[in-house]
Structure formats: structure tokens, C-alpha cells
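K.L.:
Provided below for reference: sequence and predicted model.
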Amino acid sequence: MLVVGKLKEGKFDKFMSFMQSEQGLNERRKVADLTKTIPGVSPDKSSVMFKISVHNEDALNSFMDGSNPVSKPIWDEVMLSYEIFELKKV
């Protein structure tokens, strides 16, 4: 899957701090295999992209939509919007 997120202005560092924190890593482990995650960031740091190997789609949706109690506070502060794409080999 591919997740693309638009960040609020100046919130990239706060976002990355959470994603790399023990709390963020634990929640991400519930969603995907972290060893297969490929990150990307736009030059102006207003957007992030992650290609992830998801093993729990419900947990991914909860992590991104604000229904996860761990990610919700940080998402409210840093995230403008996100999109999730399912990748298929063609």
C-alpha cells in the first residue's frame, strides 16, 4: 500500500518525532512490517509518502483516520489530509 499525507505548515519535525518514537513505532508495528517500509518526503516537507507492507488494514485505517487513541492527538496537530492507495502489480 501507499500512504500519502499532507502536513500542516511547519509540522514535519513533530510528525517525524512521533513516527520515530517508541510509541509511534509500536503502533506502526500493529499495521505493517517496518523493515519493508519505504519513506519519502517532498522537498518543502509539506507531504510525506510511505510504501508499506500492510498486514492489518483495519489498524492502518484506525491509525490514519483518528480513531486510534495513540495517533489521534498527533494527527490532529500535524495532518491536513491523507490518501491510501492499494498497489497492484501490472
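P.N.:
Yep, it's here.
K.L.:
OK, contacts around Leu60?
P.N.:
Leu60 makes contact with Met1, Val3, Val31, Ala32, Ile52, Val54, Ile84, according to CB atoms under 8 Å, 6 or more residues apart in numbering. Glycine gets a C-beta too; all of them are placed from N, C-alpha and C.
K.L.:
all strands of this structure, in order?
P.N.:
2-7, 32-41, 47-54, 79-85 (DSSP state E).
K.L.:
So which residues make contact with the longest one?
P.N.:
Contacting residues not belonging to strand 32-41 are listed as 1, 12, 25, 28, 47-56, 60 [CB under 8 Å, 6+ apart].
K.L.:
and those, which are buried?
P.N.:
Phe12, Arg28, Ser47, Val48, Phe50, Ile52, Val54, Leu60 (16 or more other CB atoms under 10 Å).
K.L.:
what bridges to Pro39?
P.N.:
Phe50 (DSSP bridges).
K.L.:
measure it to Gly5 for me?
P.N.:
11 Å (CB to CB, to the nearest Å).
K.L.:
can you check Lys30 too?
P.N.:
From Lys30 to Gly5 the distance is 18 Å (CB to CB).
K.L.:
out of the two, which sits in the busier spot?
P.N.:
Shown here are Lys30 and Gly5; by other CB atoms under 10 Å, Gly5 has more neighbours (19 against 15).
K.L.:
quick one: contacts for the more buried one?
P.N.:
Phe15, Ser47, Val48, Met49, Met64, Met79, Leu80, Ser81, Tyr82, Glu83.
K.L.:
The closest residue to the fourth one other than its chain neighbours: neighbouring residues, count only.
P.N.:
Beyond its immediate neighbours in the sequence, the residue positioned closest to Met49 (CB to CB, 6 or more residues apart in numbering) is Gly40, lying 4.1 Å away. Neighbouring residues of Gly40 were enumerated by other CB under 10 Å; the total is 11.
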